[in-house]
Every structure is written in structure tokens, then in C-alpha cells.
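A.B. asks: For reference, the sequence and a predicted model appear below.
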Amino acid sequence: MARPGEVGRHLGFDGEGDRLVTHHFECLDRAYTGWRWAITVTRASRAKAVTVSETVLLPGSGALLAPQWVPWNERLRPGDLGVGDLLPTEADDDRLTPGYTATGDDADEQMIFEYGLGRARVLSPFGRDLAVRRWHSGEAGPHTPLAHAAPAQCSTCGFFWPLAGTLRLGFGVCANEYAPDDGRVVAADHGCGAHSEATTMPSMVVEPAPPILDDMGYDELETGSVDETGSEPLGHS
């Protein structure tokens with residue numbers, strides 16, 4: 001399996017079982033630094049000849065390895081889903097629960113509204129809590145420079161449309177077309193400069209400073225008078 005010059009010194013052996021031993025050899029291939037050749041040899045019962053059972057290249061200490069494989073559904077990030085992409089959910093997704101299951105404070109309302117209307121699953125309390133933490137800590141939460149500089153919170157803004165159910169006290173949708181979060185879910189304690197009550201605009205007119213008048217002092221100025229010939233000044237005043 002190895003090309004000439006790729007097998008180095010013997011590194012030891014491990015007893016795998018009766019008449020089964022694995023020998024380890026240093027790998028000299030520069031592409032596999034830190035790896036080792038593992039040659040497993042065995043002898044059949046009552047046989048005298050030893051045969052090679054398996055030969056494999058194994059990583060050793062300091063070997064360069066590929067990153068641990070992560071399933072595709074765990075590699076996805078918000079915004080990765082493109083046009084035409086489908087993201088199926090697992091049958092046992094913890095974020096969802098059957099539509100006829102009570103999910104919280106508004107359970108009675110959900111039981112009446114959801115039962116038999118086509119939605120097989122609805123948001124579970126676990127899925128709701130995940131969304132609450134995600135929204136509250138994101139760009140539409142209270143911990144952003146935009147929210148810190150806002151004149152007031154979204155909960156007092158006329159463009160704030162509260163969500164229904166148990167989330168109405170904490171979240172709503174921004175309906176101000178000039179706001180950066182128009183059409184997005186925002187936390188009630190978020191805020192921006194497009195607040196409906198931010199009607200007092202700072203004046204852009206700069207008032208001139210009053211003139212400084214000194215009635216006590218004076219400056220001597222040299223002036224001259226010209227005689228009829230226009231040649232010499234006659235004196236100073």
C-alpha cells in the first residue's frame with residue numbers, strides 16, 4: 001500500500017487477541033505527517049504461517065485531520081436558505097407540537113382556532129422560548145447602539161403592532177416605513193429614531209452672538225487733510 005521510502009521505523013505493537021497482533025510503523029509521506037502505518041497480522045489455529053490481515057494508515061499524535069463532520073441541518077445559519085431551497089423539519093422537532101395540544105397561557109384560544117384547520121403542528125413552548133431569546137438578543141433587541149440612542153422604546157410607539165397571544169407583551173411588528181426595522185419583529189424595549197412621538201426636532205438655525213461694544217476705550221487713527229493743491233496733509237486729528 002505504501003510507496004518505497006514511505007515506511008519508517010517500527011513504533012511498537014498491540015495485542016488485539018489470540019494470534020492477532022497489530023504492528024505500527026512511522027509514515028514518512030510528507031502529506032501524512034503524524035500518521036502511522038498499522039499492519040495487523042494473524043495466524044490461523046494450528047497453522048505455522050503468519051499472514052497479513054489488514055493494512056491501514058491511522059492518525060497519530062499531531063496528525064492533521066479533517067474537521068469533525070457536522071450534519072447539514074446543523075450547519076445552516078439564518079440567511080442561508082435561498083430561493084427554491086427546502087428545509088424539512090424532523091417529525092420529532094422540539095420546536096413544534098401538534099395543533100390540538102395546549103401550548104401555554106393562550107391554550108384555549110389555540111384549541112378552538114387550530115383544531116381541524118389544517119395546521120398539523122404549531123409552535124411549542126420550547127420553540128417559542130428559543131424565538132424569544134433569539135429576537136431579544138438580536139439586532140431588533142434592546143442591546144444595540146440604535147436602541148440605546150432612541151428617544152423612547154418601541155412599546156410606546158404608535159407604529160408598534162403587538163403580536164398576538166403570550167408574546168404580545170414582549171414583541172411586536174414595526175409598521176413605520178421609514179424605520180430600519182419596518183416589517184420585522186422587534187422587542188418592546190427596542191427603539192429607534194423613527195419613534196412616533198419623536199416630534200421635537202433640534203433647531204438648525206444658529207443665533208448670531210450679540211456684538212461686543214466697548215464704550216470706554218478708543219483707538220487713535222491717523223487721518224490727513226488735503227489742501228487745495230492736493231499735495232500735503234495739513235495735520236492730524
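C.D. replies: Looks like it arrived, so ask away.
A.B. asks: make it CA atoms for all contacts and neighbour counts henceforth
C.D. replies: Will do.
A.B. asks: Distance of the nearest residue to residue 61 once chain neighbours are set aside relative to residue 12?
C.D. replies: Spatial nearest neighbour of residue 61, excluding adjacent residues (Cα to Cα, 6 or more residues apart in numbering): residue 34 at 6.0 Å. Distance from residue 34 to residue 12, counting by Cα to Cα, to the nearest Å: 15 Å.
A.B. asks: So between these two, which is more surrounded?
C.D. replies: When neighbours are counted by other Cα atoms under 10 Å, residue 34 and residue 12 differ, and residue 34 comes out ahead with 18 against 11.
A.B. asks: Just say helix, strand or coil for residue 132.
C.D. replies: At residue 132 the chain is in helix, as set by DSSP: H, G, I helix; E, B strand; the rest coil.
A.B. asks: Let me see the confidence value for residue 78.
C.D. replies: Here, the pLDDT recorded for residue 78 equals 70.
A.B. asks: In this protein, spot the strand with the most residues.
C.D. replies: Criterion DSSP state E: the longest strand present in the chain is strand 7-17.
A.B. asks: tell me how far it is from the chain's mean position?
C.D. replies: Remark: strand 7-17 is offset 48 Å from the chain centroid, using Cα atoms, centre = their mean, to the nearest Å.
A.B. asks: remind me which residues of this structure are low pLDDT?
C.D. replies: Counting by pLDDT under 70, the chain contains low-confidence ranges at 79, 81-88, 99-118, 199-207, 224-237.
A.B. asks: all helices for it, in order.
C.D. replies: Using DSSP state H, the helices of the chain run over 72-75, 107-114, 125-137, 145-148.
A.B. asks: Can you spell out the domain ranges of the chain, please?
C.D. replies: Following automatic domain parsing, one finds the domains of the chain at 7-59, 128-187.
A.B. asks: and of those, who's closest to residue 89?
C.D. replies: Among the domains of the chain, domain 128-187 comes nearest to residue 89, with 15.7 Å by Cα to Cα.
A.B. asks: one step back: can you put the helices of the chain in TSV and add mean neighbour count and distance to residue 64?
C.D. replies: Output for those, formatted as TSV (neighbours: other Cα atoms under 10 Å; distance: least, Cα to Cα, whole Å):
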stretch	mean neighbour count	distance to residue 64
helix 72-75	8	22
helix 107-114	14	54
helix 125-137	15	36
helix 145-148	15	42
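A.B. asks: what's the closest residue in space to residue 95 that isn't next to it in sequence in contact with, if anything?
C.D. replies: Residue nearest to residue 95 in three dimensions, not counting chain neighbours: residue 127, with 3.7 Å by Cα to Cα, 6+ apart. Neighbouring residues of residue 127 by Cα atoms under 8 Å, 6 or more residues apart in numbering: 94, 95, 96.
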